[in-house]
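Engineer: All I have is the shape, not the residue letters:
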């Protein structure tokens with residue numbers, strides 16, 4: 001105790017000076033927009049760099065898994081090409097016109113999967129053409145929507161976020177519902193707004209509806225695992241098994257709707 005008192009007495013002036021400097025810095029950052037934004041931007045950049053370094057180490061020890069995922073993606077893309085090759089020429093042109101999306105490959109460098117409000121960070125940002133509201137998918141299915149965009153990194157709100165909502169439809173007949181995450185586990189989600197007159201069965205495939213600018217129609221989302229109907233209810237309680245494995249997610253594709261600006265300009269003036 002005596003040593004502590006001697007230390008305080010000896011360096012008291014310096015400690016007071018240091019405390020006042022910290023208080024002054026906090027006041028500057030609190031009440032001045034430019035210094036605050038600069039500090040936050042620097043901090044975010046440092047954190048993103050740390051995430052990227054950690055991801056590089058993790059990726060090295062997951063090369064076998066990564067190679068398997070890339071092989072699956074190559075097989076998927078090959079099947080898509082083969083399917084397009086069997087369509088008439090006018091069908092291919094019509095498909096290309098409606099599917100006006102280009103894809104940006106990206107790598108997941110940080111992923112939260114243990115919270116109610118999970119986020120993903122990818123190594124692409126505004127410098128690569130990304131902007132808020134773009135959809136994100138993996139080789140197996142939908143992932144989420146771009147929320148915040150920095151110069152070289154972006155943050156995604158995934159399907160496993162309690163505020164996430166995604167317009168979906170049944171592959172078999174096109175009936176539309178809304179996907180939400182109930183926070184139970186990262187492998188399942190709920191499909192709402194499906195009325196009792198719809199014929200729902202376990203194993204039904206759910207895809208994106210194409211009714212938003214983020215995703216085209218047809219991106220796989222999940223499979224119906226359980227469907228129940230409470231007595232007197234007008235809507236089913238439907239539990240889906242998500243097709244994207246967020247625990248193993250490494251590589252994603254960011255979808256850019258080439259017609260989004262035109263669509264948004266038409267709807268901005270509407271009430």
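Structural biologist: Good, I have the coordinates. The shown structure was predicted, so the numbers you read here are calculated from the model rather than taken from an experiment. Numbers count the residues shown, from 1 in each chain.

Engineer: Now find how far off-centre stretch 125-143 is within its chain.
Structural biologist: 7 Å (CA atoms, centre = their mean, to the nearest Å).

Engineer: For it, could you pull out the residues that count as buried?
Structural biologist: Neighbour-count burial for stretch 125-143, counted by 16 or more other CB atoms under 10 Å, picks out 125, 128, 130, 134-143. The way it works is simple: take the backbone N, C-alpha and C, and place the C-beta from them, glycine included.

Engineer: So which of those residues sit within strands?
Structural biologist: In this view, the buried residues of stretch 125-143 that belong to strands under DSSP state E are 135-137, 142-143.

Engineer: Now flag whichever of the residues you listed is closest to residue 173.
Structural biologist: residue 142 (19.6 Å; CB to CB).

Engineer: That closest one and residue 217 touch, don't they?
Structural biologist: No: proximity of residue 142 to residue 217 does not meet the contact threshold set by CB atoms under 8 Å, at 11.7 Å.

Engineer: between these two, what contacts are shared?
Structural biologist: residue 208 (CB atoms under 8 Å, 6 or more residues apart in numbering).

Engineer: where does the stretch 51-200 of the chain have low pLDDT?
Structural biologist: Of all residues in the stretch 51-200 of the chain, those with pLDDT under 70 make up the ranges 51-62, 64-99.

Engineer: So which residues of it form helices?
Structural biologist: Taking DSSP state H, counting those that start in this stretch as the criterion, the stretch 51-200 of the chain carries its helices at 63-85, 89-98.

Engineer: Quick one: classify residue 14 as helix, strand or coil.
Structural biologist: helix (DSSP: H, G, I helix; E, B strand; the rest coil).

Engineer: what's residue 129 in contact with, if anything?
Structural biologist: Neighbouring residues of residue 129 by CB under 8 Å, 6+ apart: 104, 256.

Engineer: quick one, strands of the chain?
Structural biologist: Going by DSSP E, the chain shows strands at 101-111, 120-122, 135-137, 142-149, 154-158, 165-170, 176-180, 188-192, 205-208, 220-228, 237-242, 251-257.

Engineer: possible to save those as JSON lines with distance to residue 263?
Structural biologist: JSON lines is the format used below for the strands of the chain (distance: least, CB to CB, whole Å):
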{"stretch": "strand 101-111", "distance to residue 263": "13"}
{"stretch": "strand 120-122", "distance to residue 263": "24"}
{"stretch": "strand 135-137", "distance to residue 263": "14"}
{"stretch": "strand 142-149", "distance to residue 263": "16"}
{"stretch": "strand 154-158", "distance to residue 263": "21"}
{"stretch": "strand 165-170", "distance to residue 263": "15"}
{"stretch": "strand 176-180", "distance to residue 263": "18"}
{"stretch": "strand 188-192", "distance to residue 263": "25"}
{"stretch": "strand 205-208", "distance to residue 263": "16"}
{"stretch": "strand 220-228", "distance to residue 263": "22"}
{"stretch": "strand 237-242", "distance to residue 263": "28"}
{"stretch": "strand 251-257", "distance to residue 263": "8"}
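
Engineer: Looking at the ones you listed, which is nearest to residue 3?
Structural biologist: Closest among the strands of the chain, using CB to CB: strand 101-111, at 43.1 Å.

Engineer: Distance from the chain centre to the closest one, please.
Structural biologist: Using CA atoms, centre = their mean, the offset of strand 101-111 from its chain centre is 9 Å.

Engineer: who touches that strand?
Structural biologist: By CB under 8 Å, 6+ apart, strand 101-111 touches 48, 51-52, 54-55, 59, 118-124, 128-130, 136, 153-154, 216, 246, 249-258.

Engineer: Quick one, which of those are buried?
Structural biologist: For those, buried by 16+ other CB under 10 Å: 48, 51-52, 55, 59, 118-124, 128, 130, 136, 153-154, 216, 246, 249-257.
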